[in-house]
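Colleague: sequence and predicted model, in that order:
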Amino acid sequence: NPFTLGVASGDPSPTGVVLWTRLAPDPLVPGGGMPAEPFEVRYELSQDEDFHAIVRKGSTVALPDEAHSARAELQGLGPEHRYFYRFKVGDWISPVGRTRTRPNGNAMVPSLTFAFVSCQNFAEGYFTPYDEVAASEDIETVIFLGDYIYEGQNSAFRTHEPQKPIMTLDEYRIRHGQYKTDPALQRAHAAHPWLVTWDDHEFVNNYADDDTDQSPAVPPERVLVRRT
């Protein structure tokens, strides 16, 4: 199954939204268990969960240089519409996601409900609060305020993979993939569009420019290589 990491959507506008998935039958190994070649990924956007009223369909290419992630940046949709989406590769079909476009900028909106989340540490506990986020019908958008991953070595409740402070691109991708294996996090991504920003643990704790506030100090050139 190439869709072990689920599906997601985000950056909703009045007329569009971005759909995402990643092909990774084995996300805890370099390359995610995929051959180092491009793969066509098909997508469908529908007004109903059974995909009888498809309004958009197309394809994109998942590239090995991008860890076989796939994005579809859709436009020409209606404002304040709810849609369902899914991806296909060969005979495999992804889980179904639900997304929505936002109101027009000049629309009169009496209220909006957001879910604010941040600082999720896979090793420190379980992501059960996301079940409530996924089940909430009135949430317009999930706003993630940073620290989607933690870069250190930890095994308090669940063991971080790789079992070391991550330094290389492959290691960061494995860690990111491990977080996305959490079923509650997958359900929250599939239930609502997300707006995402980042914080220091996406790279390294207390990071700022070429300084990581570590003792002993890390040479700036090493910090920049790691950041790249």
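Modeller: Structure received. Residues are numbered from 1 along each chain as shown.

Colleague: list the helices and strands whichever helix in the chain runs longest packs on?
Modeller: In the chain, taking DSSP state H as the definition, the longest helix is helix 169-180. Judged by 3 or more Cβ pairs under 8 Å, 6 or more residues apart in numbering; DSSP states H and E, the packing partners of helix 169-180 are helix 183-191. In this view, the C-beta of every residue, glycine as well, is placed from N, C-alpha and C.

Colleague: Lys164 contacts Glu151, doesn't it?
Modeller: No. Lys164 lies out of contact with Glu151 (Cβ atoms under 8 Å); the separation is 10.1 Å.

Colleague: of these two, who's got more company?
Modeller: Comparing Lys164 with Glu151 by neighbour count (other Cβ atoms under 10 Å), the higher total belongs to Glu151, at 21 against 10.

Colleague: got a list of what that one touches?
Modeller: Listed by Cβ atoms under 8 Å, 6 or more residues apart in numbering, the contact partners of Glu151 are 165-166, 172, 175, 201-205.

Colleague: is it possible to mark the buried ones in these?
Modeller: For those, a burial check counting by 16 or more other Cβ atoms under 10 Å picks out 166, 172, 175, 201-204.

Colleague: CSV please, covering those residues and showing pLDDT.
Modeller: CSV is the format used below for the buried ones among the contacts of Glu151 (pLDDT from 0 to 100):
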residue, pLDDT
Ile166, 95
Tyr172, 97
Arg175, 98
His201, 94
Glu202, 93
Phe203, 91
Val204, 90
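
Colleague: so which residues of the chain form strands?
Modeller: Remark: strands assigned in the chain by DSSP state E are 7-10, 17-22, 39-46, 54-62, 69-74, 82-89, 92-93, 97-100, 114-117, 141-144, 193-196.
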